[in-house]
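Asks: dropping the sequence and predicted coords here.
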Amino acid sequence: MRVLVIGSGGREHALVWALKRSSRVSHLVCAPGNGGIARDAACHPISPADQRAVLDLAISQKIDLVVIGPEAPLAAGLADFLSEHGLPTMGPTRAAARLECSKVFAKEFMARHDIPTAQFSVHETPERALSAIESREVRYPLVVKADGLAAGKGVVVVQDPQKAAEAIRRMMVEREFGSAGEKVVLEEFLAGKEVSYIVFTDGSTTVPAVAARDHKAAYDNDRGPNTGGMGAFSTDDILAPELEKYVLDKVIHPVIRGMEKEGCPFKGILYAGLMLTPGGPKVLEFNVRMGDPEGQVILPRLGSDFAVLCENLALGKLADCRVEWSASSAICIVLASGGYPGAYSKGKVISGIEMAEENPKVFVFHAGTRRLGSSLVTDGGRVLGVTAVDRDLGSAMVVAYEAVNKIRFDGMQYRRDIGASGLASR
Ligand code: AMP
Ligand code: GLY
């Protein structure tokens with residue numbers, strides 16, 4: 001089977017890595033890829049936004065299956081376009097991708113289908129949003145969310161009306177996230193531990209992945225601005241079996257049934273970002289693709305053939321597929337450019353990856369990297385994801401941080417507490 005992966009981040013490197021382990025895959029292509037993916041797949045400098053170019057590449061490379069990594073091409077309808085041209089594709093349609101691409105759609109969908117989530121209100125002008133925060137009923141902390149895609153950065157938790165007004169102005173007036181700020185959602189703050197719960201579905205059969213926990217805040221102890229994710233871990237005890245059953249019954253299955261009923265069946269990877277509140281799990285957000293960095297801890301725990309899983313999903317035959325997960329623990333520490341998620345510079349020389357990978361329990365996934373002559377240089381905010389897999393979380397953390405200590409680039413920034421919340425719960 002010849003497979004094309006779309007995207008250029010750490011998630012796509014993990015997808016390529018998992019596909020490469022399959023005996024069914026004879027050739028791997030990635031567009032556009034990055035400095036690390038180039039070791040594992042033939043990279044083509046094609047933008048995922050150029051649908052025609054992606055199709056031409058798939059045809060010229062005789063591709064049997066396309067796996068779309070990021071949300072932006074899904075939101076733009078790349079899966080629809082490729083499927084219309086007869087290419088088996090893993091990724092939801094543009095209409096189904098609204099679950100991630102519009103927080104207003106997602107919240108109103110959850111309200112229509114009685115899916116547990118935080119209380120919310122939607123505002124279409126800054127005046128309305130600003131007058132809403134003056135209401136006595138608003139409780140703080142309050143969560144202010146830009147409606148559209150903002151690379152994980154369009155959500156702000158505010159402690160008082162002044163900060164709420166500031167966030168609303170930045171999103172709706174200054175348009176810090178562009179058109180994503182045309183509408184905002186004001187949402188009840190939920191306290192608890194977060195879980196990323198990800199399933200594969202062809203619309204009728206659902207195959208859950210092992211659960212993971214992301215660390216979205218930039219700095220240790222969950223301080224600082226939200227990022228795309230600074231690290232993640234996956235262990236068997238993140239989500240107790242009775243909670244998993246609740247999530248499947250009250251969230252995942254109602255979403256799949258609801259999307260079908262509303263005429264936009266969901267086929268692909270469905271990611272429910274959950275808060276485990278004292279009143280039960282509640283949905284913070286949906287994503288319509290593998291999480292990043294969650295994919296970098298989930299895929300290394302897959303004990304069966306990923307290419308077979310992807311192919312069966314794309315062909316609507318997931319029921320035929322047996323999927324197994326290892327009982328190990330995995331952790332991923334994101335190494336970011338100094339300044340991320342704000343402004344950062346690129347082009348810093350990276351060293352030490354080979355040394356880090358000498359330990360067979362370590363996998364270094366590349367995100368923002370690029371080859372420059374014989375060097376590897378930084379090329380984005382999140383640069384590398386250092387993953388370690390071991391028998392338990394504590395051992396995986398030790399192995400991962402030992403590997404991190406071998407890697408260097410100017411301004412390298414990372415969290416020192418990835419995984420700590422998983423140890424504390426024992
Ligand atoms: P979202 O993109 O909606 O998942 O939001 C990004 C992050 O903001 C989440 O992973 C949480 O850490 C935080 N967040 C979002 N909504 C809430 C909420 N209602 N209460 C508390 N934290 C939230
Ligand atoms: N790590 C969060 C996300 O993939 O959206």
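Replies: Received, thanks. Ligands and ions are numbered 1, 2, ... in the order given.

Asks: which SSE is the most centrally placed residue in the chain in?
Replies: Geometric centre of the chain, nearest residue: Gly291, 2.1 Å, by C-alpha atoms, centre = their mean. Per DSSP states H and E: Gly291 is located in neither a helix nor a strand.

Asks: and the pLDDT for it?
Replies: The score at Gly291 is 98. That number is its pLDDT.

Asks: give the buried residues for stretch 14-28.
Replies: Ala14, Leu15, Val16, Trp17, Ala18, Leu19, Ser22, Val25, Leu28 (16 or more other C-beta atoms under 10 Å). The way it works is simple: take the backbone N, C-alpha and C, and place the C-beta from them, glycine included.

Asks: same check on stretch 330-340?
Replies: Those would be Ala330, Ile331, Cys332, Ile333, Val334, Leu335, Ala336, Ser337, Tyr340, for stretch 330-340 by 16+ other C-beta under 10 Å.

Asks: give me the neighbour count for the nearest residue to Gly178 once chain neighbours are set aside.
Replies: Once flanking residues are discounted, Gly178 sits nearest to Gly148: 7.7 Å by C-beta to C-beta, 6 or more residues apart in numbering. By the criterion of other C-beta atoms under 10 Å, Gly148 has 20 neighbours.

Asks: that older thread, right, and the residue nearest to the centre of the chain touches Ser196 too?
Replies: Yes. With contacts counted by C-beta atoms under 8 Å, Gly291 reaches Ser196, the gap being 5.0 Å.

Asks: list residues touching both of these two?
Replies: Counting by C-beta atoms under 8 Å, 6 or more residues apart in numbering, the shared contacts of Gly291 and Ser196 are Ala212, Asp214, Ala232, Tyr271.

Asks: the last one bridge partners, please.
Replies: Spelled out, that is Tyr271. Ile198, Asn287 (DSSP bridges).

Asks: residues contacting it?
Replies: Contacts of Tyr271 by C-beta under 8 Å, 6+ apart are Ser196, Tyr197, Ile198, Phe286, Asn287, Val288, Arg289, Met290, Gly291, Glu294.

Asks: nearest to ligand 2, of the residues you listed?
Replies: Closest approach to ligand 2 among the contacts of Tyr271 (C-beta to the nearest ligand atom): Gly291, at 3.6 Å.

Asks: from Ala14, how far off is the closest one?
Replies: 10 Å (C-beta to C-beta, to the nearest Å).

Asks: pull up the overlap in contacts between the two.
Replies: Joint contacts of Gly291 and Ala14 (C-beta under 8 Å, 6+ apart) do not exist.

Asks: doesn't Val386 make contact with Ala403?
Replies: Yes. Counting by C-beta under 8 Å, Ala403 does reach Val386; the two are 5.1 Å apart.

Asks: which neighbours do those two share?
Replies: Ala356, Val362, Val364.

Asks: how far does whatever helix or strand the last one lives in sit from its chain's centre?
Replies: In this case it means Val364. If you go by DSSP H and E, Val364 is part of strand 362-366. In this view, strand 362-366 has its centroid 17 Å away from the chain centroid, taken as C-alpha atoms, centre = their mean, to the nearest Å.

Asks: what about it, near ligand 2?
Replies: No. Strand 362-366 is not in contact with ligand 2 by C-beta under 6 Å from any ligand atom; minimum separation 13.4 Å.

Asks: next structured bit after that strand?
Replies: strand 369-372.

Asks: who are the neighbours of the helix or strand following that next one, in terms of helices and strands?
Replies: Sequence-wise, the next helix or strand downstream of strand 369-372 (DSSP H and E) is strand 375-378. Under the contact criterion of 3 or more C-beta pairs under 8 Å, 6 or more residues apart in numbering; DSSP states H and E, strand 375-378 touches strand 369-372.

Asks: buried residues in the strand it packs on?
Replies: Result for strand 369-372 [16+ other C-beta under 10 Å]: buried residues Thr369, Arg370.

Asks: before we move on, which element is the residue in the stretch 251-400 of the chain that ligand 1 sits nearest to in?
Replies: Residue of the stretch 251-400 of the chain nearest ligand 1, by C-beta to the nearest ligand atom: Glu285 (3.2 Å). For Glu285, the enclosing helix or strand under DSSP H and E is strand 280-287.

Asks: about what we covered before: closest to Asp320 out of the buried residues of stretch 330-340?
Replies: Ala330 (27.0 Å; C-beta to C-beta).
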